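I would like to see how this sequence folds:
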Amino acid sequence: MAWTTVVAIYFVTWWVVLFAVLPWGVRSQHEHHEEMAPGTDPGAPTVPRLAYKVLWTTVVTTVLFVAVYFVFYKGWITLEGMAAWLGVPPQPR
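Residues are numbered from 1 along each chain as shown. You can find the predicted model right below:
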C-alpha cells in the first residue's frame, strides 16, 4: 500500500474519531447553572477542552489504525475476503 494511501486513510479515520470524541465530558452552560452570556445557546459547552479531545482522538485513531493495519498486513482479512462477505462478485484480473 502506498504511503499516501496510508496517510489518507489515517486522516479520514482521525476526523471520524474526532466527531465521536467531541461529546466526551461536555457540560453545557445550563448544566453548570452559570450565568449565560447574552446571545449564546444554553447548550453551548462551558469548557470545550479541545486540546484534550485532539489528544484522545489521536490516541484512539492510532490504536485503531495500527490494529487494522496489522490485521491486513498479516493477511487475516483481505480485500477479496471482505468483498465475498458483502456478496460482491470477484473481479477478473
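
check contacts around the residue most central in space within the chain.
Residue closest to the average C-alpha location in the chain (Cα atoms, centre = their mean): residue 17, at 1.4 Å. For residue 17, the contact set (Cβ atoms under 8 Å, 6 or more residues apart in numbering) comprises 57, 60-61, 64. C-beta coordinates here come from the backbone N, C-alpha and C atoms, glycine included.

for residue 8, see how far away it is.
When distance is defined by Cβ to Cβ, to the nearest Å, residue 17 is 15 Å away from residue 8.

now residue 45
For residue 45 relative to residue 8 (Cβ to Cβ), the value is 30 Å.

helix or strand for the nearest residue to residue 42 once chain neighbours are set aside, which one?
Nearest non-adjacent residue to residue 42, counting by Cβ to Cβ, 6 or more residues apart in numbering: residue 30, 4.1 Å away. Assigned by DSSP states H and E, residue 30 belongs to helix 29-32.
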